[in-house]
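Visitor: just a sequence and a predicted model for now, questions to come.
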Amino acid sequence: MSISKPQRVNKVTVQLFQKMKQHKEKISMLTAYDFTMAKLIDQAGIDAVLVGDSAANVMAGYDTTIPLTLEEIMYHARSVRRALKRALLVVDMPFGSCSGNPYKSVENATTIFKNTGAEALKIEGGEELLPDIKKIIAAGIPVMGHLGLMPQSVHKYGGFGLRAKTDQEAEKLKRDARLLEEAGCFSITLEKVPATLAAEIASSLRIPVIGIGAGNEVDGQVLVSHDMLGMNQEFSPKFVRQYTNLEEIMTNAFATYHRDVKSQDFPSAEEAY
Ligand SMILES: Nc1nc(=O)c2c([nH]1)NC[C@@H]1CN(c3ccc(C(=O)N[C@@H](CCC(=O)O)C(=O)O)cc3)CN21
Ligand SMILES: CC(C)C(=O)C(=O)O
Ligand SMILES: [Mg+2]
């Protein structure tokens, strides 16, 4: 008798990520923070779901990702875990949970892994964090790197502007990407960097590079679901494509309900017992 569950057909694994790059099949990834949204994303066939620390902005209303706690990201990740059948589940390590003390970083990564069912963790940072990242990978946890615009370092750079504009920054980025691959990361997210630089990095690495604001010549794309759904018209940097205008659709639905309650149009006789 088999003690393991039969492997679901087509389940996305970190190994499949590598194969998709080899076969030049682009990888699609979106964020989710809750069960219902994650279910729809999985149902649509998206390859990977990121429980991003952007939950700090999108779910909690903070200005930066910095305040999000380990407990908070784990709550979102467990909710998303229950919804996914096919997509790979990647979870962000929140600010301060992986920051230069490898012993603590492994402990935090292990806590997230044990308590959420994540299949990989994403970590912002390059060379400075190599000891932490290597130890986490050695503990058996697949790691996705995150370079370029690293929102947890917003105060270090003083904003969310384009990264790697100077030759010196571009060289550091290329070096960091290579070091992350050598350290054993299975993939790297590259945020808000010039498209030509992103293309050069993607073609020089064996592991897939997932871009956000990094142009088309990378191995996949990631967006915040709420952004691509147009749920907040105030946040629309040019790298976001709005596939619908849910802000308008939802606001109209709420306003119509409000009107119907006030006018006693809702509920109707058919909607009552
Ligand atoms: N809803 C949402 N979407 C995201 O993509 C996202 C989050 N939240 N939270 C965490 C980080 C922060 N990110 C950001 C934030 C701002 C810009 C940005 O381009 N902002 C300005 C320009 C800022 C500047 O040039 O200094 C803009 O054009 O809106 C990009 C990515 C990406 N992540
Ligand atoms: C924007 C993506 C890459 C992210 O890290 C997040 O949503 O937290
Ligand atoms: Mg993030």
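Guide: Cool, the structure landed. Ligands and ions are numbered 1, 2, ... in the order given.
Visitor: identify the residues contacting the residue most central in space within the chain.
Guide: By C-alpha atoms, centre = their mean, the chain has its centre lying nearest to residue 50, at 3.4 Å. Contacts for residue 50 (C-beta atoms under 8 Å, 6 or more residues apart in numbering) come out as 29, 30, 31, 32, 90, 91, 92, 122, 222. In short, each C-beta sits where N, CA and C put it, glycine included.
Visitor: one more pass at 10 Å, please.
Guide: 29-33, 80, 87-92, 120, 122, 144, 189, 210, 212, 222-225 (C-beta atoms under 10 Å, 6 or more residues apart in numbering).
Visitor: around ligand 2, which positions in the protein sit nearby?
Guide: 31, 50, 52, 53, 54, 92, 189, 191, 212, 222, 224 (C-beta under 6 Å from any ligand atom).
Visitor: reformat those residues as TSV; add distance to residue 110.
Guide: Converted to TSV, these look like this (distance: C-beta to C-beta, whole Å):
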residue	distance to residue 110
31	23
50	20
52	20
53	18
54	23
92	16
189	22
191	26
212	27
222	25
224	27
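Visitor: I'd like to know which of these are part of strands.
Guide: Counted as lying in strands by DSSP state E, out of these, are 31, 50, 92, 189, 191, 212, 222.
Visitor: quick one: these as a markdown table, columns for distance to residue 260 too.
Guide: Listed next are these as a markdown table, based on distance: C-beta to C-beta, whole Å:
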| residue | distance to residue 260 |
| --- | --- |
| 31 | 33 |
| 50 | 37 |
| 92 | 40 |
| 189 | 44 |
| 191 | 43 |
| 212 | 40 |
| 222 | 39 |
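Visitor: so which of these is surrounded by the most neighbours?
Guide: residue 92 (31 neighbours; other C-beta atoms under 10 Å).
Visitor: roughly how far does that residue sit from residue 241?
Guide: Per C-beta to C-beta, to the nearest Å, residue 92 is found 22 Å from residue 241.
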